[in-house]
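A.B. asks: Got a predicted model here, sequence first, then my questions.
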Amino acid sequence: MNTYNQISQFTLRQGVTLVAVSKTKPIEAIQQMYDQGQRVFGENRVQELEEKYRALPKDIQWHLIGHLQKNKVKYIAPFVSMIHSVDSLELLEIINKEAAKADRIISVLLQFYIAKEDTKFGLSEAEGLALLDQLVEKPLTNIKICGIMGMASFSDDKALVRSEFQNLKNIFAQLKNKYFAADDAFKEVSMGMSGDYELAIEEGSTMVRIGSALFGSR
């Protein structure tokens with residue numbers, strides 16, 4: 001059994017969505033994985049995502065998982081399935097505006113900062129609460145907040161990584177209870193990558209973003 005089959009069957013048994021992170025990978029490699037049944041792919045850069053969208057089958061669900069610049073939203077709004085990396089109200093408002101122009105409702109995840117590193121983007125817990133308080137006052141009709149995303153520290157310390165995943169799951173539970181108790185769409189906890197996805201699933205991940213373990217290292 002090849003690596004893709006092993007990982008995809010494992011995530012399927014766990015009821016977890018596998019996002020195959022195809023950034024920097026050639027069209028042929030993505031097509032090959034598509035031919036094995038994979039339909040959800042994640043990209044970091046808007047330009048690369050656009051090019052791959054144009055070249056590959058249209059039933060692929062494209063997830064933008066990298067940091068998204070506000071001036072690039074318009075390029076992916078017509079087709080992107082989900083944006084994982086929303087870290088400000090201003091970005092949400094721009095996604096909402098561009099989604100309206102495209103006559104779509106775009107699914108998004110709020111990105112929270114959970115790592116012990118300075119290089120990661122994301123909201124603090126307090127910033128997330130403040131953002132959602134503002135949306136209660138002024139709802140956005142062309143976005144759908146489906147959950148949250150976070151990246152753990154790049155570390156061999158499993159106890160540290162586990163605690164960060166637990167923190168993200170706790171944030172999810174708090175937001176679900178306070179803002180989304182009646183909203184079945186708010187269900188996703190996107191956490192876990194090639195080196196820690198099994199740990200993330202143990203701690204309640206519903207969506208894992210796996211690149212090198214599927215495609216080989218870049």
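C.D. replies: Right, received. Where do you want to start?

A.B. asks: In which helix or strand does the nearest residue to residue 14 once chain neighbours are set aside reside?
C.D. replies: Excluding the flanking residues, the one nearest residue 14 by C-beta to C-beta, 6 or more residues apart in numbering is residue 201, at 5.2 Å. Using the backbone N, CA and C atoms, a C-beta is placed for each residue, glycine as well. Counting by DSSP states H and E, the element that carries residue 201 is helix 197-202.

A.B. asks: Identify the residues contacting that helix?
C.D. replies: 11, 14, 16, 152, 158, 161-162, 165, 191-193, 205, 208, 210, 213 (C-beta atoms under 8 Å, 6 or more residues apart in numbering).

A.B. asks: give me that answer again for 7 Å
C.D. replies: Contacting residues not belonging to helix 197-202 are listed as 14, 16, 158, 161-162, 165, 191-192, 208, 210 [C-beta atoms under 7 Å, 6 or more residues apart in numbering].

A.B. asks: swap in stretch 211-218?
C.D. replies: 3-4, 7, 20-25, 29, 194.

A.B. asks: farthest pair in these?
C.D. replies: Farthest-apart pair in those is 7 and 24; separation 18.9 Å (C-beta to C-beta).

A.B. asks: Show me which of the two is the more surrounded one.
C.D. replies: residue 7 (20 against 13; other C-beta atoms under 10 Å).

A.B. asks: dump the residue contacts of the more buried one.
C.D. replies: 18, 210, 213-214.

A.B. asks: Quick check: the farthest pair among those residues?
C.D. replies: 18 and 213 (10.5 Å).

A.B. asks: Who has more neighbours out of those two?
C.D. replies: Each of residue 18 and residue 213 has its neighbours counted (other C-beta under 10 Å); residue 18 has more, 24 against 18.

A.B. asks: which stretches of the chain have low pLDDT?
C.D. replies: Low-confidence regions of the chain, defined by pLDDT under 70, span residues 1, 118-120, 218.

A.B. asks: quick one: the strands in this protein?
C.D. replies: Assigned by DSSP state E, the chain shows strands spanning 17-21, 40-43, 61-64, 82-86, 106-112, 143-150, 188-190, 207-210.

A.B. asks: would you turn the ones you listed into CSV with distance to residue 92?
C.D. replies: Converted to CSV, the strands of the chain look like this (distance: least, C-beta to C-beta, whole Å):
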stretch, distance to residue 92
strand 17-21, 21
strand 40-43, 20
strand 61-64, 14
strand 82-86, 6
strand 106-112, 7
strand 143-150, 6
strand 188-190, 16
strand 207-210, 19
